[in-house]
Structures are given as structure tokens and as C-alpha cells.
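3D, please:
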Amino acid sequence: MRQHSVAPKPSVAPKPCRFGKSLGRVGAPLLCLSVVAAALIVETRESHELAAAGLSLLGPDLDADGLADSMEIVLRTSPDVVDSDFDLFHDLEEMARKSDPLDAGSTPETQQLGVGMFAYVENGILALHTAIYVRDGQMGALSFELGVVINGRPIKVAEQTYTEGTLAFFYPSPQNPSDAIVVLEMPVPEWIVDRLGKLSVYSIVRDTATGGAPPAVDVLNIAKQGDQTMQMLPAPAGMMPQHAGGVVYRPLSGDGSAPTNSTSQKICWQHLVPVGTNGTSIQYEVERANCEDFDSYCNEGECAAKVGTLVELPDPGRILGG
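Numbers count the residues shown, from 1 in each chain. Okay, the predicted model is just below:
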């Protein structure tokens, strides 16, 4: 097994900001990142206790890489190493630029903008994270949009709805310190997912300057499987080749423990067949569903019960076009 050494703290500390009021979980003096006139403006004054203590909105961040320890348990990255696959790109940057932080053969493509969404659940809170990568750190002409997809229709969330209690952190890229990574941490009550059964959230970053970079978009699909809150995502590279093209349900519990009715070292995998569209979403029928070998956990009965059901997944390109 590969041994991980504890990485040193970044030479340039992340600069935390605050939207409106905090939840009271972090009492450190914070800085300000605000959405003003549809532009993303980051103030880069020095941070204080929050960054020094390696804290995020909802928990500690041992390696101070912008991914809380509970988040790293969910992602299977290393909480004490900033670059889990040793490919010279830190885990956070890979999440923002949509490469695999667990695969050294997967590195970010050349791009000016990137956005990635990820989450974990702890103490009844869904910690929703959006990581934004900006080449050369030019943020003055950027706009940010957060929304949800309901019945195939993208609905933009009003800024005042999510800015209350949201924190933002600024990180320089370790590959190129002039590049910027901004992480938005948004607490969402888990009962919202319980009530809806499924929640699709999207983020869009646009360069509003003339001749600016192409926009970046990402969608986070969260669903309930039994009493567990899961993320639905493409089957990871670590699975067998026959699972390529399928989707898996990754548990979002931040403690990494398996429920008593689930099997460890398994994950719920589904083979989907497209059957239609609904607005910006593509409709699929679940053709096969099994608990397959993987570093996770799976409930055999709940996974198999999905066969024959319909699943709608928003299409990022359709969201941008719609």
C-alpha cells in the first residue's frame, strides 16, 4: 500500500471570506467575497484564525488544501496529503478543473475557467461546495450563477438566498500561483433532499469581458437511497471496464461508516439506457443495478429495486444553452 506523508501547509495561506452572517460554527474574523452587479470580486487581504487552524465551514482541514477532512473521506482522497495521486496537481485544483484526484494519469486540460461541485453530509447539513478555477486570477469580469433543475427546467437561485451563511476561500494554484481557485461553502439542510428525494444543483461561471473565456458549468446530482443521502455520478476509473458508462451512488456521509444494513467494499452501480428528454434533462431507464466491488458501501435490496425505474439527469450543455 502506498504510504502518504503529511504535507506541509501551503506557503500562501488561503484567504477566507464571508457572505452575510455565518452559522456560528466558525467565529474567526473573516474577509469578504461578494457578488456585486453580477461580478465576482475577491478581496485578497490576509486571513486570520480560520486558515491558521485549518478549518472550513463545517469541519477541520488537516492538510489545508481547501477540502475538509470529511469531504476527503467521501472523495477517497487523503486528508493529510494535498496531492493524493502525486501528479503535481493538488486535489482541490483537480476537482475544480474536473480531472481525477485519484488517478495520476488524469490531469487538468488547458482551460481558462473551470468549475466543479462536490458535497458531504454531516450532522443533518449538506455541505455544498463549488470550486472555481480562474487562469491568471482575472476575476473582475466573472459572473457566477447557482441554480437547481426541477422537472427539466433550470431555475436560477437568487443571490440573497444562498449568500446568507456562505463562506468563500481564495487559494493560489500550486502549479501557477497567478492562477486562482475560489471555494464556496454553502450549508443546505439535509431535510430538503429528504423531502424532494432528489436534488440537482448547477453552477455556471461566465467571463463577461469581450472575447472572454468560454463559460464553465457543473451539475451535482444528489439522491436518497433508503435513508442515505448519495451523490449520483459516472462510474469512476477504478471500477472494472464493464462498468464504464454506468453511474454509481456515492454515500455522502462524512464519517465513512457503513450502515448496519449495507455491505462494505461495495457500491451501487447502474447501467442506464437513454429513453427521452425533458427540457434540459435526459431521461434514462435503469436496465441493470448491482452492488459492485469498490471502496464504499451498498444496500443490495435498495440498489436492485432501481431496475426498471426512470432517472433524469440534467445535461450541462443544455443548461448553458437554455
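
Low-confidence ranges, this protein, go.
Residues of the chain that meet the criterion pLDDT under 70 lie in 1-58, 164, 254-256, 322.

Mind naming the longest strand for it?
If you go by DSSP state E, the chain has its longest strand at strand 281-298.

what pairs with that one, and is each one parallel or antiparallel?
When pairing is defined by DSSP bridges, strand 281-298 lines up against strand 263-278 (antiparallel), strand 310-314 (antiparallel).

Which residue ranges of the stretch 151-300 of the chain form helices?
For the stretch 151-300 of the chain, the helices defined by DSSP state H, counting those that start in this stretch occupy 159-163, 190-196, 300-304.

I'd like those helices laid out as TSV, including mean neighbour count.
C-beta here means a position set from N, CA and C on the backbone, and glycine is covered the same way. As requested, these are exported to TSV (neighbours: other Cβ atoms under 10 Å):
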stretch	mean neighbour count
helix 159-163	15
helix 190-196	14
helix 300-304	17
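
Dump the ones you listed into JSON lines; add distance to Val81 as well.
Below are the helices of the stretch 151-300 of the chain laid out as JSON lines (distance: least, Cβ to Cβ, whole Å):
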{"stretch": "helix 159-163", "distance to Val81": "31"}
{"stretch": "helix 190-196", "distance to Val81": "29"}
{"stretch": "helix 300-304", "distance to Val81": "32"}
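
Walk me through the domains of the chain.
15-99+113-222, 225-321 (automatic domain parsing).

How many neighbouring residues does the spatially closest residue to Tyr297 that is not a sequence neighbour have?
For Tyr297, ignoring the flanking residues on the chain, the nearest one in space by Cβ to Cβ, 6 or more residues apart in numbering is Ala258 at 3.7 Å. Neighbourhood size, Ala258 [other Cβ atoms under 10 Å]: 17.

my guess is Ala258 meets Ser264, correct?
Yes: Ala258 lies in contact with Ser264 (Cβ atoms under 8 Å); the separation is 4.8 Å.

Now the common contact residues for the two.
Tyr297 (Cβ atoms under 8 Å, 6 or more residues apart in numbering).

Closest to the centroid, which residue in this structure?
Most central in the chain under Cα atoms, centre = their mean is Phe118, positioned 1.4 Å from the mean C-alpha point.

Check whether that residue sits in a helix, strand or coil.
Recorded secondary structure, Phe118: strand (DSSP: H, G, I helix; E, B strand; the rest coil).

How about the one 10 residues further on?
Assigned with three-state DSSP, Leu128 falls in the strand class.

Thr77 too?
coil.

pretty sure it is touching His90, no?
No: under the criterion of Cβ under 8 Å, Thr77 makes no contact with His90, lying 9.9 Å away.

So between the two, which is more surrounded?
Using other Cβ under 10 Å as the criterion, Thr77 and His90 rank with His90 on top: 26 against 23.

Run through the residues that contact that one.
Counting by Cβ under 8 Å, 6+ apart, His90 touches 65, 82-83, 173-174.
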